[in-house]
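Participant: can you look at this prediction? I've put the sequence above it.
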Amino acid sequence: MELAKVLLEHGHAVTVVFIDHPSKPPGLAAAVDHVVSSQPSVSFLCSLPLRRVHALVIDVFSFDALDVDGELGVPTYAFYPAGAAALAVYLQLPYMATNIPTSFGELGDTPLEFFGVPPIPASHLSREMRERLESDVYNAALSRWARLPDDTDGILVDTFESLEPRAARALSDPGFPAGGRAVPPVFCVGVVYLCFGSAGVHREEQLLEIATGLEVSGQRFLRSFKPQRTRRPTAVAAGVPTLCWPMYAEQKMNKVFVAQEMGIGVEVLG
């Protein structure tokens, strides 16, 4: 919703379309009702109003919605919340996969050389990228990232250019190795990204303290219920170092970016 607020500030009308999914986390309905009631300037629908859509913004978990833009004939933008360096890695993986004889999972801790980011051990890639070559999960993930340069008009990424200058420059470099395809324009739209992961549990008083702190900070923030990414913007804004404790998804890659590339954190070992 913080992204929606930014778009509203620039004079754009915003419509959020809910996708009905068979897996509904507990409390989701109440959370949706709260968001709807607290955002009177945003329209909320369960289907697309075909004649009113001027652009689509999809998140990284909804890349299949790219099929819709061809029918609507409107610009489509992807929103990626995990930073420019991780985005650069994933956009290069489909091209890299065609040049290695085995799966990434079989490479173990072998360092993978990427354009614009530090070397990443193959074991640090997300689980779906370490599946067997014949895995449907692996091939579906690879296919989604392969089509992103061709099927979007731009990518919104949650970062600041000053925080990830090398990765940001790489994404706009004409020589970026994306299998001969040009990467669409990348826009850095950094906000405070607050995420506790799908397993994050807090007491009521803790949630109250968090909400109070966010309110008095006066900063835009993004509260996510998706698997946890990194809270780099929060730490940088506060002027404190980051402790990297990677557990799943691309958190191991983020640990490399934060500790080695940016130099703003250290890894928790043991």
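Facilitator: Nice, thanks for sending it over.
Participant: spatially nearest residue to residue 132 (excluding sequence neighbours)?
Facilitator: Of all residues not flanking residue 132 in the chain, residue 103 sits nearest, at 5.6 Å (CB to CB, 6 or more residues apart in numbering). (C-beta placed from N, C-alpha, C; glycine too.)
Participant: quick check: phi and psi at the one you found.
Facilitator: When read as degrees, to the nearest 10, the backbone of residue 103 gives phi -80, psi 160.
Participant: surely it and residue 128 touch.
Facilitator: No: counting by CB atoms under 8 Å, residue 103 stays clear of residue 128, with 11.3 Å between them.
Participant: how far does stretch 153-171 stretch from one end to the other?
Facilitator: 14 Å (CA to CA, to the nearest Å).
Participant: cool, and stretch 92-111?
Facilitator: 14 Å.
Participant: residues near residue 171, how many?
Facilitator: Neighbour count for residue 171, taken as other CB atoms under 10 Å: 24.
Participant: what pLDDT does it get?
Facilitator: On pLDDT, residue 171 comes in at 95.
Participant: is it in contact with residue 87, as I believe?
Facilitator: Yes: counting by CB under 8 Å, residue 171 touches residue 87, with 6.8 Å between them.
Participant: how much space separates residue 104 from residue 267?
Facilitator: Here residue 104 is placed at a distance of 21 Å from residue 267 (CB to CB, to the nearest Å).
Participant: go on, residue 121?
Facilitator: 13 Å.
Participant: what backbone torsions are found at the residue lying closest to residue 145 once chain neighbours are set aside?
Facilitator: The shortest distance from residue 145 to any non-neighbouring residue, by CB to CB, 6+ apart, is to residue 90 (5.0 Å). When read as degrees, to the nearest 10, the backbone of residue 90 gives phi -70, psi -30.
Participant: now the one 5 residues further on
Facilitator: Backbone torsions of residue 95, given as degrees, to the nearest 10, read phi -70, psi -40.
Participant: what's the following helix or strand after the helix ranked longest in the chain?
Facilitator: Counting residues, the longest helix in the chain under DSSP state H turns out to be helix 136-151. Using DSSP states H and E, the helix or strand that follows helix 136-151 in sequence is strand 154-157.
Participant: so what's in contact with residue 103 and residue 128 at the same time?
Facilitator: Counting by CB atoms under 8 Å, 6 or more residues apart in numbering, the common neighbours of residue 103 and residue 128 are residue 138.
Participant: what residues are up against residue 110?
Facilitator: Contacts of residue 110 (CB under 8 Å, 6+ apart): 121, 122.
Participant: cutoff 6 Å now
Facilitator: Residues near residue 110 by CB atoms under 6 Å, 6 or more residues apart in numbering: residue 122.
Participant: distance of it relative to residue 104?
Facilitator: Using CB to CB, residue 110 is found at 9 Å from residue 104.
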